[in-house]
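Trainee: heads up, no residue letters with this:
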């Protein structure tokens, strides 16, 4: 091995926004203040988190990543905070939580927007006090983990809908690093391509490096990259397999066109179905409009929206009706009435 | 911290000699508010520096040789928020007083207090109110 350097994923790009992110990293890496990294899927949020970590004095301590969307609520909780032996059936031995493992290092909470309200409160408590109690433990554990969170969701919107705690939002938002999508910074595409071609060439042990010509490069720059840098990486890998750029790019454009078509079809179907459902026509236009009234349609539309919103909130709170009613700002009794009136059913899988 | 001590003596000298103007750093991402504040306090014979986000503000703090006599910062801003800025200032320049300004409908005041802002002022406020706060903080009893 000639390459003995520690692998720190590089932040590639020459755009103003990437330059600014580099500058931000330099300035905040040693503050230990909470950071939230936002941006679409595939823009490189974890790369920024890694760079923050490697720039900081914590670089020789652990970097622990937790994906908040990958685990159901209960599991995520024990993953974060750990548990004592015998805390619950099956807890045969003590498990240390990620907060403890990340002590003096970094705890990277990916997809924080998917965390349940219940866990958000617990996270907020740790951020406020620096302490947490593992499940089944009476003793609080101190943690000095530097929390870096990431999300591709607009947390402001989730706060407005009551799905993300406002106090937690402000606490995480102390330092915000936004990574724009690749289509908003096309000047970064050529250096990214150069970088990954070199990287994959050595990885795949290829001597001959296939670089896109001027025409191909122009098309690559013009492409929208909905999957951002991750998509670009995949395309480069497939160009290595296919062996020529023309074909790779044709595939790329073909795929994106069919994706766009299927999306617009979906939208059209959805639009039609709303009218169908609300008017109850189902394609059979009856000659008599006696039963038709705007008032009735309004009621039906409202019921449908209410049903969807209530179901969504119930699902997010794990069918905790007290919490759901406080989020919805309706009384507990009203919520129970709505659940039965709108015929909202709890998921079967969960035993109650 | 060498810089902090230097600044402290600097402050004392300044209050002795009234001819050296106090240096203010004002940070707000709302350019209208920023220029209004800048104009007002320049007219009040302060030397005013301004920045439109936390990172720019932090850079000024790091490069300005003799430091600032007082910092006024908005709380909710892109990249480095006012809350972060206050905790950084209080760690690196503990003798520099900070006034935090909070916007309508925002609730990070608790965080500003936690970060040890010397004063928290809620928008909308009168310029004279802010002027008085600054005078109070700059002339300790």
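Mentor: Structure received. These figures come from a predicted structure and were not determined experimentally.

Trainee: correct me, but residue A:249 touches residue A:213?
Mentor: No - with contact defined as C-beta atoms under 8 Å, residue A:249 does not count as touching residue A:213 (10.7 Å). Any C-beta I mention is one placed from the backbone N, CA and C, and that applies to glycine too.

Trainee: now do the residue sitting nearest the centre point of chain B, the pLDDT please.
Mentor: Nearest to the geometric centre of chain B sits residue B:71, at 1.1 Å (C-alpha atoms, centre = their mean). At residue B:71, the model reports a pLDDT of 97.

Trainee: then residue A:159?
Mentor: 93.

Trainee: any idea of the mean pLDDT for stretch B:88-104?
Mentor: 90.

Trainee: so residue A:48, which state does it fall into?
Mentor: Recorded secondary structure, residue A:48: helix (DSSP: H, G, I helix; E, B strand; the rest coil).

Trainee: show the backbone phi and psi for the closest residue to residue A:327 other than its chain neighbours.
Mentor: In space, and not counting its chain neighbours, residue A:327 is closest to residue A:162: 4.1 Å by C-beta to C-beta, 6 or more residues apart in numbering or on different chains. Main-chain torsions, residue A:162, degrees, to the nearest 10: phi 80, psi 20.

Trainee: isn't residue A:162 right up against residue A:324?
Mentor: No - using C-beta under 8 Å as the test, residue A:162 is too far from residue A:324 to be in contact (9.6 Å).

Trainee: who has more neighbours, these two?
Mentor: The neighbour comparison of residue A:162 against residue A:324 (other C-beta atoms under 10 Å in any protein chain shown) goes to residue A:324, with 24 against 18.

Trainee: so who does the more buried one touch?
Mentor: A:310, A:313, A:314, A:317, A:335 (C-beta atoms under 8 Å, 6 or more residues apart in numbering or on different chains).

Trainee: host element of residue A:147?
Mentor: Assigned by DSSP states H and E, residue A:147 belongs to strand A:146-151.

Trainee: how far out from the middle of the chain is that strand?
Mentor: Put simply, strand A:146-151 sits 11 Å off its chain's centre (C-alpha atoms, centre = their mean, to the nearest Å).

Trainee: who's in contact with that strand?
Mentor: Against strand A:146-151 from outside (C-beta under 8 Å, 6+ apart): A:32, A:34-38, A:45-46, A:49, A:52-53, A:56, A:58, A:102, A:105-113, A:127, A:172.

Trainee: again, only using 6 Å
Mentor: For strand A:146-151, contacts defined as C-beta atoms under 6 Å, 6 or more residues apart in numbering or on different chains pick out A:32, A:34-38, A:45, A:49, A:106-110, A:112-113, A:172.

Trainee: any idea which helix or strand comes after the worst-scoring helix or strand of chain B on mean pLDDT?
Mentor: In chain B, no helix or strand scores lower on mean pLDDT, DSSP states H and E than helix B:2-16, which sits at a mean of 45. Next helix or strand after helix B:2-16 toward the C-terminus (DSSP H and E): strand B:23-27.
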